[in-house]
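Undergrad: What follows is a predicted protein model with its sequence.
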Amino acid sequence: MVYLTRKAEFSASHYYHNPEFSAEENQRIFGKCNNPNGHGHNYTLEVTVKGEVDPRSGFVVDLKQLKETMSREVLDALDHRFLNKEVPEFLSRIPTTENLAITIWQRLSPKLQAAHLHRVRVYETPELFVDFYGEA
């Protein structure tokens, strides 16, 4: 089994708000991240796929196809977007880094054919990242 990771970057804005919480509770739990005008991040995304090396091509996956799939399914949908208002998954889900990783997995997993999605890693800052390995 061979693991291959492709990296990409995107920028997006968001805010954290749970409509089931009071204004005070949202402020207490989410602090500055509860600002309805939002704030932005420059994210780094790593997508790791796994599979056997095709003896004819020598590839686990065609890197051009992986790049195109990541661009179409993730970057085009998330880059320079206000996640809460422009991305359907976040109209009713808080766009935390954890939920972002899950959403990216759900967008990519059904689109990959030659290799299997192994891990989605999203960096919010150099010190903070989330790994998601799919539903158990």
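TA: Noted; the coordinates are in hand.

Undergrad: Could you check the pLDDT of the residue lying farthest from the centre of the chain?
TA: Farthest-out residue of the chain from its mean C-alpha position, per Cα atoms, centre = their mean: Arg56, at 31.9 Å. pLDDT, Arg56: 94.

Undergrad: Likewise for the one 10 residues further on?
TA: The per-residue pLDDT reported for Leu66 equals 95.

Undergrad: And the one 3 residues further on, by the same measure?
TA: The predicted local confidence for Thr69 comes out at a pLDDT of 96.

Undergrad: follow-up on the earlier one: could you pull up the residues touching the residue farthest from the centre of the chain?
TA: Applying Cβ atoms under 8 Å, 6 or more residues apart in numbering, we find Arg56 in contact with no residue. The way it works is simple: take the backbone N, C-alpha and C, and place the C-beta from them, glycine included.

Undergrad: And Ala115, by the same measure?
TA: Leu4, Val49, Lys50, Gly51, Val60, Val61, Leu66.

Undergrad: For these, work out which two are farthest apart.
TA: The most widely separated members of these, counting by Cβ to Cβ, are Lys50 and Leu66 (12.3 Å).
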